[in-house]
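K.L.:
sequence below, structure please.
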Amino acid sequence: MERYYVDHAATSPLHPDVIEVMTETMKNTFGNPSSIHSFGREARKIIDEARGSIADSIHADFQEIVFTSGGTEADNLALMGVAFANRGRGKHIITSQIEHHAVLHTCEALEKQGFEVTYLPVDSQGFVSVQDVKAALRDDTILVSIMFANNEVGTVQPIKAIGDLLAGHPAYFHTDAVQAYGLLPIDVREMGIDLLSVSAHKLNGPKGIGFLYAKTGVRFIPALYGGEQERKRRAGTENVPAIAGFKKAVDISQAELGEKTAFYEQLRTSFLETLQTSGIDFKINGAEENRLPHIVNISFPGTNVEQMLVNLDLEGIAASSGSACTAGSLEPSHVLSAMYGHQADELTNSIRFSFGYGITLGQTITIAEKTVKVVKRLTGK
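P.N.:
Numbering: from 1, shown residues only. Okay, the predicted model is just below:
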């Protein structure tokens with residue numbers, strides 16, 4: 001049976017060119033980047049080149065990129081690091097109810113340390129209101145963390161408007177851009193972003209590597225202590241093969257940004273058109289505009305999430321009910337709960353399909369047809 005992977009928002013397959021670069025690096029570059037001999041300098045060169053490419057991709061400076069083990073560590077470093085370094089001038093943090101758990105659980109941990117967190121609501125499309133951010137701001141607010149785009153429904157937040165609002169306030173602005181990076185253009189200067197988190201495995205790079213952009217002058221303390229790697233901001237010998245692979249994935253994604261976005265829009269449109277012509281009942285969760293091109297979260301009335309996922313898997317389709325980081329949990333989506341309320345039907349009948357590298361238009365239509373078949377079987381229609 002042919003299998004179809006439409007869970008790219010959870011993780012993505014390694015690009016063949018990324019595998020080649022990583023394999024070559026593992027074979028030939030084993031030196032410690034902190035060593036001053038030729039083997040160490042060869043490894044350091046790879047890291048420096050990657051840091052430069054990544055910085056250029058978001059219009060940042062070379063020294064503002066801190067390599068981490070992924071998006072979760074980058075989020076933790078941003079929130080914890082800023083909170084503890086700046087608590088002398090305030091202990092108030094603003095975030096949203098639909099953040100990734102890497103942010104939400106970190107905020108909950110900070111609350112136990114005496115910080116106060118305001119969790120902003122969202123509307124039925126998943127948007128945070130700029131006015132709500134403004135109303136929540138206080139003199140003792142030290143950090144605002146609003147995700148760039150939601151990983152479950154794809155809604156893109158008004159990041160520049162929030163950045164503009166915070167331009168006259170001393171609070172730092174952090175955004176979790178794990179889902180958006182590599183799909184949307186990002187300019188941290190123009191958008192007023194002080195801290196930004198990214199993970200490589202969402203854009204056909206390796207797992208276990210990411211970065212935190214920290215604007216020059218942002219005060220934060222490290223989470224790890226040891227050597228002086230990453231300018232004393234993140235101790236530990238750098239993962240050179242992963243960083244090399246990350247750079248290659250970034251180079252590919254930046255070169256194909258416009259083309260890739262247009263193709264994913266085509267896949268999404270064809271997928272939805274196939275559902276529409278079938279006559280089944282469904283509703284899209286999230287924004288129809290200002291959204292990511294590769295994610296479509298759909299409510300199928302009369303179905304159940306677990307039944308849908310099992311039946312889709314039997315048809316060879318790998319989709320999800322939301323964030324992969326809560327896999328195995330029977331708890332309803334906190335994102336959909338924030339959008340619709342805790343009793344809404346959407347919490348128990350919504351499936352996320354996310355497209356990516358390797359999927360063809362023909363496969364997308366087949367996936368839609370098989371999805372229709374499953375829905376009709378489960379609803380008896």
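K.L.:
and residue 106, what element?
P.N.:
helix 101-112 (DSSP states H and E).
K.L.:
which strands and helices sit next to the helix or strand just after that helix?
P.N.:
Scanning forward in sequence from helix 101-112 by DSSP H and E, the next helix or strand is strand 116-120. Strand 116-120 sits against strand 92-96, helix 101-112, helix 130-136, with contacts defined as 3 or more C-beta pairs under 8 Å, 6 or more residues apart in numbering; DSSP states H and E. (C-beta placed from N, C-alpha, C; glycine too.)
K.L.:
surely residue 198 touches residue 74?
P.N.:
Yes - taking contacts as C-beta atoms under 8 Å, residue 198 lies within contact range of residue 74: 6.7 Å.
K.L.:
got any residues that touch both of those two?
P.N.:
Residues touching both residue 198 and residue 74 comprise 210-212, with contact defined as C-beta atoms under 8 Å, 6 or more residues apart in numbering.
K.L.:
okay, now the unreliable bits of the stretch 151-300 of the chain?
P.N.:
Across the stretch 151-300 of the chain, nothing is flagged by pLDDT under 70.
K.L.:
if we go to 90?
P.N.:
Counting by pLDDT under 90, the ranges of the stretch 151-300 of the chain that qualify are 168, 223, 225, 227-228, 230-232, 235.
K.L.:
which residues of it fall in helices?
P.N.:
159-166, 188-191, 229-232, 240-255, 257-278 (DSSP state H, counting those that start in this stretch).
K.L.:
how about the third one as CSV, C-alpha atoms only?
P.N.:
Listed next in CSV are the C-alpha coordinates belonging to helix 229-232 (Å, rounded to 0.1, in the frame of the first residue of the first chain):
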residue,chain,number,x,y,z
GLN,A,229,30.7,28.4,23.1
GLU,A,230,28.1,30.7,21.4
ARG,A,231,29.7,33.7,23.0
LYS,A,232,29.0,32.3,26.5
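K.L.:
who does that helix touch, helix- and strand-wise?
P.N.:
strand 65-68.
K.L.:
strands paired with the strand it packs on, and their directions?
P.N.:
strand 210-214 (antiparallel) (DSSP bridges).
K.L.:
hmm, who's touching the strand it pairs with?
P.N.:
By C-beta under 8 Å, 6+ apart, strand 210-214 touches 54-55, 58, 60, 64-71, 73-74, 77-78, 178, 188, 193-200, 220, 233, 246.
K.L.:
okay, which residue is most central for the chain?
P.N.:
In the chain, the residue lying closest to the centroid (C-alpha atoms, centre = their mean) is residue 178, at 2.4 Å.
K.L.:
need the contact list for that residue.
P.N.:
Residues near residue 178 by C-beta under 8 Å, 6+ apart: 71, 100, 151, 197-199, 202, 210.
K.L.:
please indicate which of these are buried?
P.N.:
71, 100, 151, 197-199, 202, 210 (16 or more other C-beta atoms under 10 Å).
K.L.:
quick revisit: among the contacts of residue 178, which two are most distant?
P.N.:
Pairwise distances across the contacts of residue 178 peak at 14.3 Å for 151 and 210 (criterion: C-beta to C-beta).
K.L.:
redo the contacts of residue 178 as TSV? Include distance to residue 25.
P.N.:
Below are the contacts of residue 178 laid out as TSV (distance: C-beta to C-beta, whole Å):
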residue	distance to residue 25
71	22
100	29
151	29
197	24
198	20
199	19
202	21
210	18
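K.L.:
inside strands: which ones of those?
P.N.:
197-199, 210 (DSSP state E).
K.L.:
quick one: which of these is nearest to residue 5?
P.N.:
Among these, and counting by C-beta to C-beta, the member closest to residue 5 is residue 199, at 18.1 Å.
K.L.:
surely that closest one and residue 73 touch.
P.N.:
No - checked against C-beta under 8 Å, the pair residue 199 and residue 73 is beyond contact range at 9.1 Å.
K.L.:
nearest to residue 40, of the helices of the stretch 151-300 of the chain?
P.N.:
Of the helices of the stretch 151-300 of the chain, nearest to residue 40 by C-beta to C-beta is helix 240-255, at 10.3 Å.
K.L.:
ok, and what's touching the helix or strand hosting residue 335?
P.N.:
When secondary structure is defined by DSSP H and E, residue 335 falls within helix 334-340. Contacts with helix 334-340, where a contact means C-beta under 8 Å, 6+ apart, come from 96-98, 104, 121-126, 150, 152-153, 285-286, 322-323, 344, 346-347, 350.
K.L.:
and the next element down the chain from that helix?
P.N.:
Helix 334-340 is succeeded, C-terminally, by helix 346-349 (DSSP H and E).
K.L.:
report the angle between the axes of whichever helix or strand comes after that following helix and helix 257-278?
P.N.:
Sequence-wise, the next helix or strand downstream of helix 346-349 (DSSP H and E) is strand 350-354. Calculated by axes from the mean of the first three to the mean of the last three C-alpha atoms, to 10 degrees, strand 350-354 forms an angle of 140 degrees with helix 257-278.
K.L.:
low pLDDT regions in the stretch 1-150 of the chain?
P.N.:
1.
K.L.:
could I get the full set of helices for it?
P.N.:
With helices called from DSSP H, counting those that start in this stretch, the stretch 1-150 of the chain shows them at 16-28, 38-57, 71-86, 101-112, 130-136.
K.L.:
and the ones in strands among the contacts of residue 178 as JSON lines, adding distance to residue 357?
P.N.:
Compiled in JSON lines, the ones in strands among the contacts of residue 178 are given as follows (distance: C-beta to C-beta, whole Å):
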{"residue": "197", "distance to residue 357": "22"}
{"residue": "198", "distance to residue 357": "17"}
{"residue": "199", "distance to residue 357": "16"}
{"residue": "210", "distance to residue 357": "18"}
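K.L.:
so which of the residues you listed comes closest to residue 363?
P.N.:
Proximity of the ones in strands among the contacts of residue 178 to residue 363 (C-beta to C-beta) peaks at residue 199, which lies at 25.5 Å.
K.L.:
list the contacts of that closest one.
P.N.:
Contacts of residue 199 by C-beta under 8 Å, 6+ apart are 70-72, 74, 178, 209-210.
K.L.:
thanks a lot, catch you later.
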